[in-house]
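> Could you look at this predicted model? Sequence included:
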Number of protein chains: 2
Amino acid sequence: MKDIRVLLVDDHPVVRAGLRAMLGDFEGIAVAAEAADGGAALAELSRLHTLGEPVDVVLMDLQMGTGMDGVTATGRIKAGEAGQPAPPVLILTTYDTDADILAAVEAGASGYMLKDAPPEQIRQAVLAAAAGQTALAPEVAARLMGRIRNPEPVLSAREIQLLELLATGLGNRAIAKQLFISEATVKTHLVHIYGKLGVDNRTAAIAVASQRRIIRRF
Amino acid sequence: MKDIRVLLVDDHPVVRAGLRAMLGDFEGIAVAAEAADGGAALAELSRLHTLGEPVDVVLMDLQMGTGMDGVTATGRIKAGEAGQPAPPVLILTTYDTDADILAAVEAGASGYMLKDAPPEQIRQAVLAAAAGQTALAPEVAARLMGRIRNPEPVLSAREIQLLELLATGLGNRAIAKQLFISEATVKTHLVHIYGKLGVDNRTAAIAVASQRRIIRRF
DNA sequence: ACCCGGGTCAACCAAAAGGTTGATAATGCC
DNA sequence: GGCATTATCAACCTTTTGGTTGACCCGGGT
């Protein structure tokens, strides 16, 4: 049986070395190439494709220090930009926030693993991905289950808009002026936001909202 | 010449494998042991110390998923809890915010490197640490230089500590309890912080501080 | 010895934010 | 037509923050 050919995509040389060593120790898995960001990954895939040596699985980090991020790259790979058929993309990242997971799945990822997973788990995930199956880390699966059972309150567009101004440090009066509404309305919105986020002051609201990636992060 | 014996401390098996492979390729450096968190690191150091095989350098991550974090572990190593003389601790982490750097240096770290550094840079840092010198990543060094040239507002360590609690959404009373100081003192610190950052409320302070990478945010 | 900056605390007042109730209006859905 | 949701505003009150002044202690440097 031929080895499963893997493309590593991660901006950290240390992590790439670790995966190379780890995967190299496994039977039936070979590291075909590496890339430091999404753009390089697309280029590598194209190159290998035209060489007639397509990769079977892409192991992709989400946050790259510089260059194209993992979600974008996944989407473009799945769109066939690096040759058809597009290989399965297995996300291997550090964080497991709802927004990250959803974005990755929407982009077409066929798995989501965490970097602190034991080697055996990563091996299983690569095999599953190569076989066309999906592979979720237990932690990730558990979180999705919890979310389905108990869906978190959804903020309205207006509330998110307010939250963004809030995060810039504006006071209620300034926010009111920005949005052409009265200060009273701002306060009403804030009360609703606090309720939905489970907090009782603006700084905590910002902390929770940015942690859940409801608003942008710096 | 005897090899430099290194202890790896990182909660990610992947990263440990990467460092093991990377350092193993270098002449004069050998990985003596590994640990998945600060507690395990202390235990390993003690064990090796009593065996008469002390390590020469500790390569330590800052944020461990679970267990004792890197700053705490560094402090306790430097306090001699794992045998005297305490080995130099080289921080190898992902983020380079003022808060992280200051905490590490205060705990007694003799270097601060970033995980996306090229292998050669990491090698140099390990050699420097083993020789009793300090080793800062160029990015970190540049930031410190910029701060020296610029007499811009320099926040004290205490003020940064406050800022971090602030960003979690705590009120003044809660912050006071956390730091074992009075609410009056918290307010005094806040006024100073506002002055230095050029703002007049807590949310704006958080916005500015995270934008200037004084504190870290998700 | 002296001064200075950092950290600590207190008292006071003004301003802002938080919490509650209640009301109006537009929207979309069953 | 009713119903729920969202957005809007007001009045009222309590709590928290912000701003100021002044004070004490400690450690480092001139």
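Received the coordinates, thanks.
> Tell me the helix or strand right after the helix or strand hosting A:A30.
Element membership of A:A30 [criterion: DSSP states H and E] is strand A:29-35. Scanning forward in sequence from strand A:29-35 by DSSP H and E, the next helix or strand is helix A:38-50.
> Could you check the pLDDT of A:N150?
Reading off the per-residue confidence, A:N150 sits at a pLDDT of 52.
> how long is stretch A:154-172 from one end to the other?
End-to-end distance for stretch A:154-172: 22 Å, by C-alpha to C-alpha, to the nearest Å.
> still on that earlier bit, the strand holding A:A30 packs against which elements?
Secondary-structure packing of strand A:29-35 (3 or more C-beta pairs under 8 Å, 6 or more residues apart in numbering or on different chains; DSSP states H and E): strand A:4-9, helix A:13-24, helix A:38-50, helix A:119-130. Just so you know, the C-beta spots here come from the backbone N, C-alpha and C atoms, and that holds for glycine as well.
> One more pass at 10 Å, please.
Judged by 3 or more C-beta pairs under 10 Å, 6 or more residues apart in numbering or on different chains; DSSP states H and E, strand A:29-35 is in contact with strand A:4-9, helix A:13-24, helix A:38-50, strand A:57-60, helix A:119-130.
> Mind exporting the C-alpha coordinates of stretch A:100-118 to CSV?
What follows is the C-alpha trace of stretch A:100-118 in CSV, where atoms were taken according to Å, rounded to 0.1, in the frame of the first residue of the first chain:
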residue,chain,number,x,y,z
ASP,A,100,-12.8,29.2,14.4
ILE,A,101,-14.4,25.8,14.2
LEU,A,102,-17.5,27.0,12.3
ALA,A,103,-15.4,29.0,9.9
ALA,A,104,-13.1,26.1,9.2
VAL,A,105,-16.0,23.7,8.6
GLU,A,106,-17.7,26.2,6.3
ALA,A,107,-14.5,26.6,4.3
GLY,A,108,-14.6,22.9,3.7
ALA,A,109,-12.3,21.4,6.2
SER,A,110,-12.8,17.7,6.8
GLY,A,111,-11.4,17.7,10.3
TYR,A,112,-10.4,19.8,13.3
MET,A,113,-7.6,18.8,15.6
LEU,A,114,-5.9,20.5,18.5
LYS,A,115,-2.1,20.8,18.7
ASP,A,116,-2.0,19.5,22.2
ALA,A,117,-3.5,16.2,21.0
PRO,A,118,-1.5,13.0,21.6
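> The residue nearest the centre of chain A: what's its closest spatial neighbour, skipping adjacent residues?
Central residue check for chain A by C-alpha atoms, centre = their mean: the C-alpha nearest the mean position is that of A:D100, 3.4 Å away. In space, A:D100 comes closest to A:L62 once its chain neighbours are excluded; the distance is 6.0 Å by C-beta to C-beta, 6 or more residues apart in numbering or on different chains.
> In three-state terms, how would that neighbour be classified?
Reduced to three states with DSSP: H, G, I helix; E, B strand; the rest coil, the structure at A:L62 is coil.
> isn't it right up against A:L90?
No. At 11.6 Å, A:L62 does not count as touching A:L90 under the criterion of C-beta atoms under 10 Å.
> overlap in contacts of these two?
A:T74, A:A104, A:A109, A:Y112 (C-beta atoms under 10 Å, 6 or more residues apart in numbering or on different chains).
> and the host helix or strand of the second one, how far out from the chain's middle?
Applying DSSP H and E as the criterion places A:A104 in helix A:98-107. Using C-alpha atoms, centre = their mean, to the nearest Å, the mean C-alpha position of helix A:98-107 is found 5 Å from that of the whole chain.
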